[in-house]
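Peer 1: Please find the sequence and the predicted model below.
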Amino acid sequence: MFKIEFTVRDYELDLQGIVNNAVYQNYLEHTRHEFLKHLGLDFAEHHADGFDAVVHNVNLTYKRALQSGDAFYVTADIRKEGHLRIVFDQNIYKENGTLVLQGQVTAVFMTNGRPIRIPTKVLTAMEDWVKQRDQK
């Protein structure tokens with residue numbers, strides 16, 4: 001499982017003194033980008049190649065709140081759904097392992113505003129990741 005560690009910053013809090021619900025999506029997005037880099041995939045390179053990954057759906061279930069100074073980590077995994085979609089399974093945990101958020105982010109690849117099949121280079125990187133992950 002891919003994982004990145006964070007610490008809550010004060011400016012991410014709302015009036016209740018907890019992390020604003022929209023900020024969690026920033027944590028997830030940053031983790032997805034780092035995860036894709038870890039897989040050898042690059043958004044700028046994809047765009048230059050004529051395709052883009054676009055978020056299609058976000059499903060989040062909030063379990064606990066994060067507060068100022070909390071240390072936490074975000075996990076990411078990836079799977080194919082059909083011929084057009086990839087799904088990122090992502091969770092946020094406090095450093096002690098307490099689940100904070102469960103999330104699924106679905107993305108599709110587009111060229112000129114139209115959906116396309118998952119590009120071969122992406123499929124190959126995903127397959128390599130799954131082999132490495134399952135060997136551990």
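Peer 2: Cool, got the structure.
Peer 1: how about the strands in the chain?
Peer 2: Remark: strands assigned in the chain by DSSP state E are 2-7, 52-62, 71-81, 85-94, 99-111, 114-116.
Peer 1: Let me know which of those is the nearest to Asn20.
Peer 2: Of all these, strand 52-62 sits nearest to Asn20, with 11.4 Å by Cβ to Cβ. To be clear about C-beta, it is placed using only N, CA and C from the backbone, and glycine gets the same treatment.
Peer 1: If you count neighbours, what's buried in the closest one?
Peer 2: Along strand 52-62, these residues count as buried under the neighbour rule (16 or more other Cβ atoms under 10 Å): 52-53.
Peer 1: Tell me, how many residues neighbour Lys37?
Peer 2: The tally of other residues near Lys37 (other Cβ atoms under 10 Å) stands at 11.
Peer 1: Over to Val74?
Peer 2: Residues lying near Val74 (other Cβ under 10 Å) number 25.
Peer 1: Fine, thanks again, bye for now.
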